[in-house]
Structure formats: structure tokens, C-alpha cells
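In: Have a look at this prediction, sequence included:
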Amino acid sequence: MDMENLSITKNTWRRSVRSFDSKIAWLLITACGFALQACKKDATVKLPDVPSKLVIHSYISPQDPVIKVQVNLSAPLYNKQPINQFEPLQHANVTISSNLGSFVLPYDADMGAYVIDSTRMKIRAGLSYSLSVFTPDGKSATASTSIPDANRSLTCALESVSGTKHRYYTIRNTWHDPPTTTNFYRILLQRTSYSLFRGDTINRSYVSSQLIKDTDSQNEFITQKNHFTIIDNLKDSVYVHLLHVSKEYFSFVEKLPEEYSSDNPFAEPLQIYSNIQGGFGIFAGYNDYWVKVAY
Amino acid sequence: MRSLKKNVLSILILISITAFSQNNTKHTLSGYVTEKGSGESLPGVTIFIPSLNTGITTNGYGFYSLSFPTDTFDLVISYVGYKAQLFKIKLTSNVQLDIALENNSQLDEVVVSAKNEERISEDVQMSKIDLPVEQIKDLPALLGEKDVLKAIQLLPGVQKGSEGSSGIYVRGGGPDQNLIIIDEATVYNASHLFGFFSLFNGDALKSVELTKGGFPARYGGRLSSVIDMKMKDGDKEKMKSEIGIGLISSRMTLEGPIKKNKASFLVSGRRTYIDVITRPFIKHLNGNNVPGYYFYDLNAKLNYTINYRNKLYLSGYFGKDKFYQKSKVELENVTDKSETNLNWGNATGTFRWNHLINEKTFANVAVIFSDYKFGIGIKEEINNDRFHLNYSSGIRDYSVKGDMDFFPNTNHSVKAGVVATYHQFRPNAMVTKNSNEADRKSKTQIDAIETAAYIEDDWKITPKWRVNAGFRLSNFNVRTTSYLNPEPRASVRYAITKTLSLKGSYAMMNQYLHLLSNSGFGLPTDLWVPATNKVKPQKAQQIALGIAKDLKIIADLDFLVSLEGYYKKSRHVIGYKDGASFLNVADLDGTGVSSYSYEDIVTTGSAESYGAEFFLQKKAGKLTGWFGYTLSWTWLTFEDLNFGKRFPARYDRRHDISVVGMYKLNDRISLSAVWVYGTGNAITLPTASYQIIDHAAQYKWEDVPAKAIANGYLSKEDESTVVNDHGGKNSFRMAPYHRLDVSIQFHKKRKKYERIFELGLYNAYSRRNPFYYKTETNHKTGTTKLKQISLFPIIPSISWTWKI
């Protein structure tokens, strides 16, 4: 057996130790023997009777060329009907209002969402926006958010590069945090991707994300580091986006699961945040400022 | 706070003035109460003087002391399960009166020569229940394994956790908030086999006492309850043995004199043999993959009476659980041998010296050791490459303790003491050995010192008013942080009539240890960690009000009735942040760097519990047992959980009923039955599923940066996640739990031995009680169903016991 295989095996061992939770669960099950399986039956308790609710996703910022609201429905479990495939809902009445007026967003079949151009409806920092969604069959949901100021104090520096074939980059980002208010941020890193066929730039892809709450730091300046790996050996740039986000935005993204699993009966389930009254999802404002860093 | 301290101080001064300023013409009657025939000391025996309507109970070592002016009076000595005795005393000088009480079971028929004067309405202490060990041994039990903690679960105010679990939830507090002590040594993990059996089998125990509120100042360090167990000393007069054979384990107890009436010993052990029985079958089914499991426990005690004033005791408990799995796989020219084991166990040791300073003052000094260890061992060999991993975690305590009982006169009984404990917390220690790399070792150890001093006085102010006032000062030092907390305690009794009294109590408690528990099942992986500067000590305040009545309907039909209400508020209790698991704390990849600290993955919050408990107990006669009912609420509030809104605790149990009956049909046959009912646990259940989309998805796969920000292509499946909605945290109730256990015992008494043959049924009507729920989706129809998983259907058991 060569070294590589051995190290794979070792990793498997370590993984098996690490997945100790499941091991314990398995031990419990073994301890209870066959009785356990024999004792599985349909639950006889009264199940929660929940209606299908509106699920709304809309992130709005002054930089958006279009404002978009995605609407679909939740699928109550334990229903006789099969779960729907979360198709976009097409016949809803979607309205966004602010001091600047109310706008009804028409449905765009290509995007599968309710969309309005930013030239018609302005998103401005400091303003509050409210969203309401009605459906012909009587479902409704509302939400509100506000737009933070853009934080243009971001400076970025490439701190270290290591590795030869695969290069590991560390980038250091610093910005000024207004001390009198509670602020929430998200750093998103994008880099240019290359087409393998043509060898030229075709798009950007996001490589790293981090959420920052200013209460975690006592300093007036927040410094944060991002790491990313480049494997294609082509030099280009990364785009560091500093999103100054609303509290709703932060609360929602903070608890988003990286991997969602509801299999372990002993684990406490994750509760997902929502600011949608009468539904699920998020309506959140943010303000984007970005810096390009060449490497 | 300052005024509180001042008040407590003035109360203490008042106590000492009144306690010590009595005139000295009084005489003292003192001595030890023991069991006739064995010399076993008896704690908690009532010494009562009817003419003065006053009395006292013996201390933990069977000692009592009463001081009066010269007088002649009757003395009644009574204790449940023992024949009461009446003495006529003429006290003209100090008298030493040692009393030997005869056990009812030693009598051919119960002759009541004196009235039992043990009264619940007399005692100032509330929220305390003594469980006669003999009763515990008469109760039906799962697989016939008699279990102290499961008997305690049947008392009002105490709830069990999951099916079969020996975890104890007292007045809304978690299993980590119970101080479980055996001969003064703390037991950190009191369960065997993932909580299905507790460590204590009863054969070696003399007394079990549960306190769930109104804590006397001598106890501290936990918020919710004290389970104080005392081991038997060992028969001082003759050799005795007891052998029990059950379905999954056998036990044996041997006790007797080393030197008659001077020194004696007791050894009691138990071991399971599931592994031995099942090994051939498993080997047959699994071939080279052999799993196995066993546990054993051992109690041992030695005692030596130097003279009347000095006694020495040495006692210990050792227990271990081990789960192992061995496998061997041969594939072409590769041989893969592996061996995995999980093992955990407690060891405690207590050395005590009783010293009678004078007839009014009793002192005890103890040196105590306690250790809990959990370990994982993995050995794997692939051809000639070896990989070994050893992981362990645990806690070890070294304590020194001094306690004093002082009985200045009949109206005061003062206890005072100091204790210092050196804790060694070892959240993880790891060694990896690898034939291709250098060995790796990592170890985390946190040391802490916990100290406390206390004083309490049981003061009979007037015949109607009686107070137990106490004060405890506790201190905890860890790293550079130090906590100092005053803990005032008080219990008051007002006797409305001779048999009816009102009681009230207040207690403040601090707990400097936290239990990181993944499941609340009492799994061996549960980890004790200290409070630190980041994770504060838990703190609770509890008030309780109650009414107690001794009820006599007709002769030989005595009942104790109590009704209590309580309110408890705890702060800095810990919970896990969403998605966190304490297993992250352990550095399991062997890099020597733990990426998490438990301080980062826990969140602290507060707990509020209140409720009422009704208890009707019949301790003597042919029919004994009790009825308990608890109505309770327990709420938790954590800033980081349930979006800061309060939610019911998993074991928030609105109604909890237990009916326990033991009936002695005749000398040969006795019957017992237990019925329990409890509101279903509060759990979080998925109710709907929906799709969520992270904003970052909009930053993926775009042509032109500026436009890319907005025109997210969001319907792509890999950019959305399907999640479940659960309503509120713990907003769903499991089906109620109820169960009937019955057993019948056949006693056969011979001249040289007694044989007991017991048949039992656990869950007699085979109620399918829910253990947990899970959802199952039928992928063909797309429908989801909720499935209930139950553990134990009706389980019969059979066991034999021989007492020789």
C-alpha cells in the first residue's frame, strides 16, 4: 500500500473519530438492540397544522441596476400533497414603498422574479423601505428594511502569497467603523475566472465571504483577513466588496447553514431568521463599496 | 447586597448569643443510635421528648446530644422500618445513652411498644425526602436492575429525562445541577450504559436523601438538588453476604467484622455479562467484527473504632463502562486489523475521622478524592503500518473537609465547617502514534480551587416557631479569575397544630462547574468545565412555601402529606449556540491545536421555573408507598437562542404523577407496582420546508461586474438550500409518557439464609412511549410522515437474591 492510500485511510480514521456524534448515536442504537427498530411507528400525536406560506427573498442596494423580489411558497410537511418544487409564484401583487413613493413590481418570466429597473425606483441610503406581497388566493406578507450608508474607507492589501503550484493568498482589509452606531458588514471576495477554452476573462466568481459585527471589535478601525487559493496559475485581480448591511441582512446570513442536515435526531435543529411578517425569507438593504486588488 | 450581609451577620450573632448564653446547670444526654445485631450506625433517627414536645435527629454518623435541666421524662426513639423504643430518663448528671434499634424485618410480628414520633410537620427542613433503601430494593425496575436514581425520579419535583434514562431534573434544573455524593465524595457521571442504569445499586447503601430546595448551608456547589448517599459501614457483629443474579448482571455483597465491635468491612460489586452471553452469537453473525460492552462497579468500606470518641472510616467507589469493537479484514495482500474502545468510569475515595470533642460537640475531618475519566482508544494496523490514537477527558478532585456539630441545648443545633477542593479539569488529552510520523501529544488542563465555609443553626425559637438559618461563603479561583459569593439560606416552620405546620425557605446557590452535554442523556462524553472569566458561574435563588401534615386516619394508617410551591430563578446557565457541538472542543485531528474553546461555543442565559408539588406518603404498615403530583413550568431565555424569546425547556413538564405501592401480602409474598405519567417533552419539530437563497449567490457567475451585482441567476439549484421551519423552539409536545411496572417477590426464609425470587414486568401494558421523533419522506409520493421511535416495550425480568 503506497503512502497516499495510507494517508487516505488515516484520514478516514480521523473522520470516524470526528464524527463522534454519529458514533454515539450509533452506540445508543446498538445498545437498544433490535427493540429500537421494532418500535418505530407512525406518530399518533396531533401534528402541527401549518398553511403554506409565502417565501420571499429580496436584497436591495443603491448599486443595483434592477430591484428584484423572488417569491415562492413553503411546503408544509405531513401534508397529503407532495412537496412542490419551489417554483416561482407568478400572480402575486408585489409593492415596495418608501418616502419616494410606492412601486408595483411586475413579474419577469426570464428571471423568475418581480423586477423593476433602478432608473424607475431609486434605492437611497438612509431611507426605509417596506415590502408587501399579496396573492390572489389571499396569502399576504410584509417586511421592512433600511439602507445603510456606503462605507468608502475600505483599503486592501495583499499580505502574503505562498505555495508554488497552488498559491495561497492572504488579503488584509481595513475600514473605519463609525463608533457611535452599531454596524454590520459583510466582506465578499470575487475573482475573475477564465474560460478553459479561450483563456480569456469571462466572468467573476465569489470565493470568500465573511460577516463582521462591529461590537466584536473595540477599535475604530476594523481589520479583517481573507484567504483564498488560486490553482490556475494565472495572474489577475480580486474584487473586495465591503457590504455595509442592515441588521436584518446580518441576522439572516449569520445563521445560514453551510451544510444543512436534519438527520441527527439528537442535534438541536437550526432556526433560520426571517424578517418577513406572515412568511419566510428576507427583505434586506445593504450598500456596496468595492476595491480591486491586483495580484 | 450590603444590607443582606448585615442582616445575615446579625442573625448569626443573635444565634451565637442565644446559643451560648444558657446557664450551665443543664445536663447532657448523648450517644449513638445503631442497628441491633449489626452495629450499623443510623442517621436521621428521631429522639423525641413528648412532655416537652421537642426532639432532635441523629447526625450522619448516628450521634445525638440533648441538654436539659435536671428532670425526669420519657424519651421516644423512632425510625422508619425499626421498632420504636421508649425510655424513661432521670437526668441528674451527664448521661451517655447508646441505643440499638431493632429492624422490623427481624421481628416475627410488628409489636409497637412506642408510638412512632417521626413527624414531617415537626421538621423545619422542607423540600427534603428520605428514601428507605429497603423500599428502593422492593420497587420494580428495568431488567430487574434496582436503581437509586430511578427511585428518586419517582418523587414529586423530580423528573426523568428520556425513556430509561437515569438523568434527574429537579425543579426545572438540569442533571448537571445535582450534587450527587456518596460518603461525601462527588460523583461526576452517575450513569452506566448511556444513562440506562445508574451507578448505585443499593446493596451497599445505608441511606439516600434528596434535598430539592431550602438547602441547608452545609451543602453547596450545585443549583438544584443534593442527593446524599451514605454507604453501610459493614456489619460489626457477624459475617453476612448477599448474592443477586439477574438477567444482565450479577451482584454480590460481603460484610462483616474484622475485629468484633471494633472494625468491620463491606465490599459490594456488580458486573454485567451481556458481552459474555452475546459474544458467540455476534461472532457467528459478524464474523471478524466483534463488538462488546460491559460495566462493573464496586463499593468498599472499612471502619475502625479506636475508642468511643474516635472512629475512622475509609470508603471507596469504583466503576467502569467499556464498549469495544475488534475487527480484522483481509483483502488480497492487505490485512487491516482494528480495535476501538470507549471507556469511562468514576473512582471516589473518602477517608474520615470522627472525633467526639465532648458530649455536645461532634467533629469530622474528611479527605476526599474523586475522579471521572472518559477515553477513546483506536488501534489500527494495516500490514506493517500502525496508527494509535488515545483521547481522554475528565475531572479529578482532591478535597479536605472539616465539619462540626454542636448541640448547646435542646433549642439549638449548630453545624459549621470548611471545605477546600482542588479541581483538575482535563477537557482533552490526546496521544497519536503513527509508524510514519513522530508521536504527537497534546493536553489541556485547567486547575481551579473551590473553597467554602458555612455555619447553620437549627433553632427552636418557641414551640411553634423553628428556624434553620445558615450562611455559606463560597470562593472559586480559576486562572486569574476569582469569585467570592455569599449564600444566605433560611428555612422557617410554624406549627399551627401538633401535626400541621407551615414552612417557608429561601436559598441562594452558586455553581462553579458547567457540564457541556451534547444530548442531555447523560452520555459519557459529557464534559465538566470550570466557570471562567468569560463563562460566569451559575447562580440560583429559590423560594419555597409549603404545608405539611401528619395524618392519622385510624391506627396503623399514618400518612405524611405535604404541599409545596416553589419559584426558582437561575442565571448564567449554559446552552449551545446553534449548530455548535462541544466535540469541536476536542482536538481530534491530532494537530495539537484545538480550534475552539468551549467558551466560544456556549451561550449563557437564564432559567425560570415554578410549580407546586403534592406528596402523600405512607412509610409503615403492610401497604407502603406514595403518591406524588407535580405541576410545573420551566422557561429558558438565551439571547442567542430562539431569537432571544423565552422558550420552554425540553423537560418542562406540566403534569407529572407517580404512584408507588408496595404490599406485603404475607411473610412469603410481597407485591409492588409503580405507575408514572408525565406530559410529553417539549421539542423542536420541523413543520414546513422552504428554499433559502444567500445573497452571495448574486456574486457568482456574472459577465460584467457592475451589472453582475444585481442580475442574480438565482433559480439555479446549487445556489439555494432547502431548510425546515420549526415554529418556535421546543414548541411541539411529544406524546405523554406513562408506564406501569409491577413485580412480585417470593421470600423463603430458612434458618441459615433467605432467598428472594423476583419476577418483574417493566412497562406492563407495553405503552409505546416516544423516545424521539423523526420525519421520513417517501420519495415516490413526495409525502412526509412523522415517525415515533420507542425504546422499551413490555420487558419481563427475573432475579434471585440470597441473603446468607
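Out: Looks like it arrived, so ask away. Numbering: from 1, shown residues only, chains lettered A, B, ... in the order given.
In: How about residue 71: what's its closest non-neighbour residue?
Out: Since you didn't name a chain, this refers to chain A. Distance criterion C-beta to C-beta, 6 or more residues apart in numbering or on different chains; nearest residue to A:V71, sequence neighbours excluded, is A:L89 at 4.6 Å. In this view, the C-beta of every residue, glycine as well, is placed from N, C-alpha and C.
In: The intended chain is chain B.
Out: B:L91 (5.8 Å).
In: my read: the one you found touches B:T72, true?
Out: Yes - B:L91 is in contact with B:T72 according to C-beta atoms under 8 Å; the separation is 7.5 Å.
In: okay, these two: which has more neighbours?
Out: B:L91 (20 against 10; other C-beta atoms under 10 Å in any protein chain shown).
In: ok, that one to B:T28 distance?
Out: Counting by C-beta to C-beta, to the nearest Å, the separation of B:L91 from B:T28 is 9 Å.
In: Repeat that for B:G402.
Out: B:G402 is 23 Å from B:T28, where distance means C-beta to C-beta.
In: can you check B:A151 too?
Out: Distance of B:A151 to B:T28, given as C-beta to C-beta: 38 Å.
In: what's around whichever residue of the stretch 701-804 of chain B sits closest to chain A, how many residues?
Out: For the stretch 701-804 of chain B, the residue closest to chain A is B:G782, as judged by C-beta to the nearest C-beta, at 2.9 Å. B:G782 is flanked by 14 other residues according to other C-beta under 10 Å.
In: Excluding chain neighbours, what is closest to A:N219?
Out: Once flanking residues are discounted, A:N219 sits nearest to A:D177: 7.7 Å by C-beta to C-beta, 6+ apart.
In: list the contacts for that neighbour?
Out: Residues in contact with A:D177 (C-beta atoms under 8 Å, 6 or more residues apart in numbering or on different chains) are A:N183, A:D214, A:S217, A:N219, A:E220, A:F221, A:I222.
In: In PyMOL, how would I select the buried members of those?
Out: Selection of buried members from the contacts of A:D177 for PyMOL, criterion 16 or more other C-beta atoms under 10 Å in any protein chain shown:
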select buried, chain A and resi 183+214+222
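In: So in chain A, which strand runs the longest?
Out: Across chain A, the longest stretch assigned as strand under DSSP state E is strand A:279-294.
In: From the contact counts, what lies against that one?
Out: Judged by 3 or more C-beta pairs under 8 Å, 6 or more residues apart in numbering or on different chains; DSSP states H and E, strand A:279-294 is in contact with strand A:54-60, strand A:128-134, strand A:140-146, strand A:155-162, strand A:237-245, helix A:247-254, strand B:688-693.
In: burial measure for the closest residue to A:E220 other than its chain neighbours, as a count.
Out: Leaving out its chain neighbours, the residue that sits closest to A:E220 by C-beta to C-beta, 6+ apart is A:P179, at 5.6 Å. Using other C-beta under 10 Å, A:P179 has 10 other residues around it.
In: how would you label A:P179: helix, strand or coil?
Out: Recorded secondary structure, A:P179: coil (DSSP: H, G, I helix; E, B strand; the rest coil).
In: what's the answer for B:T253, then?
Out: Recorded secondary structure, B:T253: strand (three-state DSSP).
In: Could you give the number of residues near the nearest residue to it once chain neighbours are set aside?
Out: Nearest residue to B:T253, sequence neighbours excluded (C-beta to C-beta, 6+ apart): B:S268, at 3.9 Å. Neighbour count for B:S268, taken as other C-beta under 10 Å: 25.
In: how far away is B:S268 from B:V148?
Out: With C-beta to C-beta as the criterion, B:S268 and B:V148 are 13 Å apart.
In: Identify the contacts common to those two.
Out: Common neighbours of B:S268 and B:V148 are listed as B:N201 (criterion: C-beta under 8 Å, 6+ apart).
In: Tell me, how many residues neighbour B:S731?
Out: Count around B:S731 with other C-beta under 10 Å applied: 16.
In: doesn't B:T684 make contact with it?
Out: Yes - B:S731 is in contact with B:T684 according to C-beta under 8 Å; the separation is 7.0 Å.
In: helices and strands of chain B: which one has the lowest mean pLDDT?
Out: helix B:705-708 (a mean of 34; mean pLDDT, DSSP states H and E).
In: Residue 133 - how many residues pack around it?
Out: Assuming you mean chain A. A:V133, neighbours per other C-beta under 10 Å, totals 26.
In: Switch to chain B, please.
Out: Burial of B:V133 is recorded as 23 neighbouring residues (other C-beta under 10 Å).
In: Centre-most residue in the chain?
Out: Just going to use chain A. Geometric centre of chain A, nearest residue: A:V253, 4.8 Å, by C-alpha atoms, centre = their mean.
In: Can you look at chain B instead?
Out: B:I180 (4.3 Å).
In: who's B:Y398 bridged to?
Out: Taking DSSP bridges as the rule, B:Y398 bridges to B:F369, B:Y422.
In: Go ahead and confirm it touches B:A420.
Out: No - counting by C-beta under 8 Å, B:Y398 stays clear of B:A420, with 9.0 Å between them.
In: For chain B, give me the ranges with low pLDDT.
Out: B:1-24, B:105-118, B:164, B:194, B:277-288, B:518-525, B:553-556, B:578-597, B:698-719 (pLDDT under 70).
In: ok, 50 please
Out: B:1-2, B:4, B:8-9, B:11-23, B:107-113, B:582-595, B:701-718 (pLDDT under 50).
In: picking that back up, name the residues of the longest strand of chain A that are buried.
Out: Buried residues in strand A:279-294, counting neighbours by 16+ other C-beta under 10 Å, are found at A:279-291, A:293.
In: quick one: it to strand A:128-134, angle?
Out: 130 degrees (axes from the mean of the first three to the mean of the last three C-alpha atoms, to 10 degrees).
In: Pairing partners for strand A:279-294, with directions?
Out: Strand pairing for strand A:279-294, using DSSP bridges, gives strand A:54-60 (parallel), strand A:237-245 (antiparallel).
In: the inter-axis angle of the last one versus strand A:140-146?
Out: Translated: strand A:237-245. 110 degrees.
In: Centre of the chain to strand A:237-245, how far?
Out: Relative to its parent chain, strand A:237-245 has a centroid offset of 15 Å by C-alpha atoms, centre = their mean, to the nearest Å.
In: same thing with stretch A:159-177?
Out: Distance of stretch A:159-177 from its chain centroid, counting by C-alpha atoms, centre = their mean, is 23 Å.
In: Would you mind listing the buried residues in that stretch?
Out: Neighbour counts over stretch A:159-177 (16+ other C-beta under 10 Å) mark A:R167, A:Y169, A:I171, A:R172, A:N173, A:W175, A:D177 as buried.
In: what about the helices in the stretch 1-150 of chain A?
Out: Along the stretch 1-150 of chain A, counting by DSSP state H, counting those that start in this stretch, helices occupy A:3-18, A:20-32, A:34-38.
In: just the stretch 1-150 of chain B next, same as before
Out: Going by DSSP H, counting those that start in this stretch, the stretch 1-150 of chain B shows helices at B:2-20, B:133-138, B:148-152.
In: B:T340 and chain A, how far apart?
Out: From B:T340 across to chain A, the span is 8 Å (C-beta to the nearest C-beta, to the nearest Å).
In: Quick one: classify that residue as helix, strand or coil.
Out: strand.
In: Likewise for B:T462?
Out: Here B:T462 is coil, with the state taken from three-state DSSP.
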